[in-house]
Each structure stands twice: as structure tokens, then as C-alpha cells.
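A.B. asks: no letters, just coordinates:
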């Protein structure tokens, strides 16, 4: 029953993750494939009677008889998983451990970090002919990869009463957790910076596609080349990208429409070709080192605009 319940919860959580519009595939968002773990009888007995938990009804009070772990990359990803767990109508969820609250209560300590939820089904039901009694608990642990690495290295040694770690071991563990916490903050800053840059590129890309559909009126080919061109030439993109580039083609350089239509290479089936023409027209003397477009491909673009490729012989 516990195994069936745990696997059912894993499947439902992963189904929800698959339905979200994430930057990565679900199997990459969850960095380690989740695996249902049913507590072994020896571990259950040890926790019930030999770890000073003072349970009144050990079997019912122990809530991690079945559970699994979800490992994500960044702290912000933990919040996404939490929303999935707490918003489900298939169970009731309660938070059993929150490292953010623990940091607030003990700001000078650097300790084991993880978010734990206990979920319970509200009514009895069947899973593949296995009856799941009402109110069966399942523990879900949510960690970042850094938190998981720390827990795997230290948890059984430092935080379990079977072994008493020496003070220098505890000190080394605390220093590593402090480093992990700082690194997690740096990672979040990097992610936000990348997303800001990607947002700008996505806006440029959408404007170019809209103009290409409206004015060039040809089917463009989805290709990595389009994003490579945008990444290189985005520094030349004007503010109010859509309005300026549309005006550039319709009012200032309308002859380019037929030039783009007539040429059959992949380059001219990329909406980003409009941005290339804009850049060459407005910044003809800019160096073109590392451009994803070869000199041979750039030469006719410069020629269309009555200009010479920088560095080309007369």
C-alpha cells in the first residue's frame, strides 16, 4: 500500500511538472529521477523505540514510512515544486520542515537544509487494485543539488545519533554549508541576469518574425542560425524594435523586400536577416569579427546597400 501510494504521488507530481512552461525539460528540471522509498522494518523500529522521539502511537505518528526526494538546481525551483505539492486536490499537504524559517530563527547557524512536506490522501481509494487507506502519509523532500550533495556527505554522520561527530567535523560541515548558501545566492543572480538577456532576445525575435510574416510574406525556417544572428546583432537593434525595423523596410529600404524574397539560401529565410540589413545600413564600419555570417555571405548584403564589406579590397 505504501509503495503504491508513494509511486502514485511521484507520477502526479511529474505529470504536473510536464504541464508547466519551463525553460528545460521535466527530466532535467528534476535533476535526479525521483524514487519511492519505503522505510525498512529495522529503520522503522529503531525510529519508533530507540531515538528518543517519545511517540504515543509510533506506527501512526511516524510520517516518513514512505517518501521520495525531488532535487532541483536552484532555490527558486524549490518554490515551483512547493506550489505543485500544495495546490493539488488529490491530497492535503503540510510543511514539516522549512530551512528558510530555520535560517530566520537561527541566523548565525549554517546547518542541514531541506524542505519537507507530509501529504495525506483525504479518502480511501484504489491504485491498481491496491487499496489506499484514508490519511496515509507520504514525505516529500525538496532540495537543490548543492543541498543534496551536503546531505549525502554529512547527514548520517553528523545528524544521526548513532554517530557523534567530532567538533572539527561539525565545524567543517558548517563552513561548507555557509559556502553552499552563498553559492546558491550567486547562482540565483546569474539566472536572473541570463533571463533578463533572454527576455530582450525573445522580444527582438518576436518583432522580427512578425515583420517577416507581414512584409516579406514568406515562410521562414526555424533554425538555430536565427538565434545566433540575433545574439550577435542585438546590440544594433533599435528601441521600439518592431516599429523602427518595419519603417526601415517599408519607407526607407523597400527594395530590400524583393532582394530577400529572391535569394534562396537559408540565411534569407531567417527573420533575423532584417536585423542584419539594419545593422549594415546604420553601422557599416563596425567590425564584424566573430559574426555567425561569413564574409562571403555578408558581401551581397553590403552591396545591396551600396556599401563595401569592411576590409574588402576595392
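C.D. replies: Nice, thanks for sending it over. Just so you know, these numbers come straight off a predicted model, no measurement behind them.

A.B. asks: residue 86 contacts residue 94, correct?
C.D. replies: No. The pair residue 86 / residue 94 is not scored as a contact, 9.1 Å apart, by Cβ atoms under 8 Å. All C-beta spots, glycine's among them, are computed from the backbone N, C-alpha and C.

A.B. asks: common neighbours of the two, please.
C.D. replies: Counting by Cβ atoms under 8 Å, 6 or more residues apart in numbering, the shared contacts of residue 86 and residue 94 are residue 117.

A.B. asks: what sits up against the helix or strand where residue 142 lies?
C.D. replies: Using DSSP states H and E, the element containing residue 142 is strand 137-144. The contact list for strand 137-144, computed with Cβ under 8 Å, 6+ apart, reads 2, 5-6, 9, 13, 63-75, 77-78, 81-82, 85, 91, 96, 113-120, 151, 184.

A.B. asks: swap in stretch 84-91?
C.D. replies: With Cβ under 8 Å, 6+ apart, stretch 84-91 has contacts from 9, 12-13, 16-17, 93, 117, 119-122, 138, 140.

A.B. asks: drop anything exposed from those.
C.D. replies: 9, 13, 16-17, 93, 117, 119, 121, 138, 140 (16 or more other Cβ atoms under 10 Å).

A.B. asks: among the residues you listed, name the ones in strands.
C.D. replies: Using DSSP state E, the subset of the buried ones among the contacts of stretch 84-91 located in strands is 93, 117, 119, 138, 140.

A.B. asks: can you pick out the most distant pair from these?
C.D. replies: The largest separation in these, counting by Cβ to Cβ, is between 93 and 138 at 9.8 Å.

A.B. asks: overlap of the contact sets of the two?
C.D. replies: 118-119.

A.B. asks: elements contacting the helix of greatest length in the chain?
C.D. replies: Taking DSSP state H as the criterion, the chain has its longest helix at helix 167-211. Contacts defined by 3 or more Cβ pairs under 8 Å, 6 or more residues apart in numbering; DSSP states H and E place helix 167-211 against helix 75-87, helix 145-158, helix 224-233, helix 241-247, helix 273-282.

A.B. asks: centre of the chain versus the first one, how much separation?
C.D. replies: Right, helix 75-87. From the chain centre to the centre of helix 75-87 is a distance of 12 Å (Cα atoms, centre = their mean, to the nearest Å).
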